[in-house]
Every structure is written in structure tokens, then in C-alpha cells.
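Peer 1: Structural data only, the sequence is not supplied:
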């Protein structure tokens, strides 16, 4: 029975969480809405379709949601050339494939952004999904479920940097592994379901064979 490593991208393989935070803060400021940076950061990792309401409330989403998302995209695009892979990102993907694991990238980001990250990461021939592939983004489990269908995964574990990754894995009935690379604390990740938390990708790479892979539930099971 094949084992699949489901990898988040933003904050897990590429160092983008604070770029996203700044882009959202600039978008809110343009609309004359004041929100604290820490609140925005703690929402990074959920889809943009959910972030506005989570950060600023349902009324702001209703009145300004689409405008804010458009502004966020513009500001983030302007920083795209600053994005760098996190240390060990290429190595962990290659090590996983060398071990015979199926690797699939499951990102809440936009397709054009993920395509840019793939050029930076050079992950080889791996499957990937984006927010464009689902109707409901993280912390909903849809991205993970679509990713697993891409590789016909039978057993899997989810690796991510945010509490939203852990929550999505839990809703998909799968174990999750947390990374500190996105700025969330170890206790927070464990509280949301992470079986273990690693400081960086190279430490994770050394223990790939021992991750808690679990059987993928049948749809609607």
C-alpha cells in the first residue's frame, strides 16, 4: 500500500507568510480598514475566501471582500520576486521521492503563484493542487482530498506550517506534522492535531520514513 506525503506550500516550502501578511495589511489600509498585523498573520494559511471575515468580520467581507482580495493579489504579486524557498525544501521533496513516497503539493494559493514557486523549488515530477481546484479552501479538507485523488493515495500524512493545515488534515481523517517555518507555535500546532512538530525541513527529512502515515478514508465513508 503506497504512502503519500501531502505537503503544504506557503510557509512550508516557500518563505511567504510574512509577505502575505504585509500584502493583506496594505489591502486593508487601501480600503480604510484598520486591522492588527498579528491577527492577519494568524489567519495566513486559510484561503483568501475565508481570511477577510476571519480577520475583520462578516460585514467587511460582505462590503469589501472581493476588492480586498484583488488588492491583496496586486500587492503580493509586486513582492513575488522576493520569495525564496525555505532551507531544505528541495532536499525534502527529493528525499521523499527517493524513499518511494508519492509526493503531492496542496496549496491554498493561486495557481499562478504556485507555478512560480515550482520554478524556485525544482521538485521534480510531483503532483500539485491549488485553491483554483476546489470550491472550499483550508481549513476545509477539500484541497487534501483533491491532492490525494491526484496520486491515488492509499495512506497519507499531511505536512504544514499552520493550524489551518492541521485542521484540514483532521477533517480529512489524516494525521498531520507541523513545521515552525510559518511562525505558528509548537503548542498551537499540537493543539490543532499535529502528531509532531519540526523546527525545519532538514530535521523533518531525516525522519520521513517514520512519519505516521494513515489509511485514507473512502469518500463519504
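Peer 2: Perfect, I can see it now. Given the structure is predicted, the values throughout are model-derived calculations rather than measurements. Numbers count the residues shown, from 1 in each chain.
Peer 1: so who does residue 78 touch?
Peer 2: If you count contacts by CB atoms under 8 Å, 6 or more residues apart in numbering, residue 78 has none. Backbone N, C-alpha and C define where each C-beta goes, glycine included.
Peer 1: In the chain, what residue spans correspond to strands?
Peer 2: 3-7, 102-106, 127-129, 155-160, 176-179, 194-198, 214-215 (DSSP state E).
Peer 1: quick one: the helices in the protein?
Peer 2: For the chain, the helices defined by DSSP state H occupy 17-30, 37-43, 48-56, 58-78, 89-98, 111-121, 142-151, 163-171, 186-191, 201-205.
Peer 1: For the shortest one, list every residue counted as buried.
Peer 2: Buried residues in helix 201-205, defined by neighbour count with 16 or more other CB atoms under 10 Å: 201, 204, 205.
Peer 1: Go ahead and name everything in contact with that helix.
Peer 2: Contacts of helix 201-205 (CB under 8 Å, 6+ apart): 12-13, 86-89, 91-92, 95, 159, 177, 179, 181, 198.
Peer 1: ok, now stretch 50-60?
Peer 2: 24, 28, 33, 35, 39-40, 43-44, 46, 61, 64-65, 68-69, 137.
Peer 1: Which of the residues you listed are buried, as a ChimeraX select command?
Peer 2: Burial among these is assessed by 16+ other CB under 10 Å; the matching ChimeraX selection reads:
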select :24,28,33,35,40,43,44,46,61,64,65,68,69,137
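Peer 1: Right, I'll leave it there.
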